[in-house]
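Peer 1: Structure here, sequence nowhere to be found:
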């Protein structure tokens, strides 16, 4: 089970509020909120910008302010699902795709949006495709940003093999020795940061020049014991997935963005697009699994164009 948990780990969201001004030269309002689900879980969400159009993005903890440039004439709503980031920890029996979609709708209703565009990154790219398939009347368009492949086999194992190949084995062994020596006992945040130093670099095109990414270890939900249990349970609800036969059920425009050096093989994400008149693939050079951090200008420009109703110039159909 440990390799599978590390596989999922590597992928991968109207009570109180606060407001602040964004430091981006393009000024817009940012507000932070919480909302309670019908089963008593408090969810965190953040709104950047104003406008009639709303874009929802699961997993605020991964995106920070990175997507704020998209908040020009539209609202960007990022949120943490139950058990993740700044939201409440969740009973493990509620860590399923069904509850994930209930959380999505709780936030969607809280911001008063009947229909939304969606950006789903990593595992969220697959999960939000399924949401759009189940709720066609609620989704206008979908960006699958560095998504996991359209099917688990063979691309899940291929992802693990590529990640392991890129991992610094000496650093991994040194980390294991530190764990065995009890160095992180009683300090789960330090343990989390040590894990990140091992597992993050293989996800990038240039591991020697990593961009700054959000500090997920500030959240207890992301500490190793908690996140390991979370992903172990979530995996039970997606094991063996294969959505190729369901692609025709989603007719909204879909943009799949793939980093050329992603651990997920290009052919795995080509399957999201193949034979789909409403879907196109954009490959970002010099990027791995985090294209919006490694090549932000190109990636965000493409996302902005798509949200405005246009296909990015380099996005292609696959017959």
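Peer 2: Happy to help now that I have it. Every value quoted in this text rests on a predicted model; they were computed, and no experiment measured them.

Peer 1: Residue 224 versus the residue nearest in space to the middle of the chain, what's the distance?
Peer 2: Nearest to the geometric centre of the chain sits residue 121, at 3.1 Å (Cα atoms, centre = their mean). Residue 121 sits 21 Å away from residue 224, going by Cβ to Cβ, to the nearest Å. The C-beta positions use only the backbone N, C-alpha and C, and glycine is treated the same way.

Peer 1: Now do the strands in this protein.
Peer 2: Along the chain, the segments classed as strands by DSSP state E run 17-21, 29-36, 42-48, 53-58, 74-80, 116-121, 139-145, 254-259, 279-284.

Peer 1: Which residue, other than its chain neighbours, is closest to the residue nearest to the centre of the chain?
Peer 2: Nearest residue to residue 121, sequence neighbours excluded (Cβ to Cβ, 6 or more residues apart in numbering): residue 145, at 4.4 Å.

Peer 1: re the thing from before, between the strands of the chain, which one is nearest to residue 181?
Peer 2: strand 74-80 (33.1 Å; Cβ to Cβ).

Peer 1: on that earlier part again, with mean pLDDT and distance to residue 154 added, can I get the strands of the chain in a markdown table?
Peer 2: Formatted as a markdown table, the strands of the chain follow (pLDDT from 0 to 100; distance: least, Cβ to Cβ, whole Å):
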| stretch | mean pLDDT | distance to residue 154 |
| --- | --- | --- |
| strand 17-21 | 35 | 46 |
| strand 29-36 | 97 | 40 |
| strand 42-48 | 99 | 35 |
| strand 53-58 | 99 | 26 |
| strand 74-80 | 98 | 31 |
| strand 116-121 | 99 | 22 |
| strand 139-145 | 99 | 19 |
| strand 254-259 | 99 | 17 |
| strand 279-284 | 99 | 19 |
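
Peer 1: Rebuild those as TSV, extending it with distance to residue 307.
Peer 2: Converted to TSV, the strands of the chain look like this (distance: least, Cβ to Cβ, whole Å):
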stretch	distance to residue 307
strand 17-21	23
strand 29-36	18
strand 42-48	13
strand 53-58	6
strand 74-80	7
strand 116-121	6
strand 139-145	7
strand 254-259	9
strand 279-284	13
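
Peer 1: do you know which of those strands lies nearest residue 272?
Peer 2: Closest approach to residue 272 among the strands of the chain is made by strand 254-259 (4.8 Å; Cβ to Cβ).

Peer 1: Which strands or helices does that closest one pack on?
Peer 2: Packing contacts for strand 254-259, counted by 3 or more Cβ pairs under 8 Å, 6 or more residues apart in numbering; DSSP states H and E, involve strand 139-145, helix 266-270, strand 279-284, helix 291-294, helix 296-307.

Peer 1: And for that strand, what's in contact with it?
Peer 2: With contacts defined as Cβ atoms under 8 Å, 6 or more residues apart in numbering, strand 254-259 is touched by 125, 129, 141-147, 205, 264, 266, 269, 272-273, 276, 278-284, 287-291, 294-295, 299, 302-303, 306, 311-312, 315.

Peer 1: Using PyMOL, make a named selection holding only the buried ones among those.
Peer 2: Remark: buried members of the contacts of strand 254-259, expressed as a PyMOL selection using 16 or more other Cβ atoms under 10 Å:
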select buried, resi 125+129+141+142+143+144+145+146+147+205+264+269+272+273+276+278+279+280+281+282+283+284+287+288+289+290+291+294+295+299+302+303+306+312+315
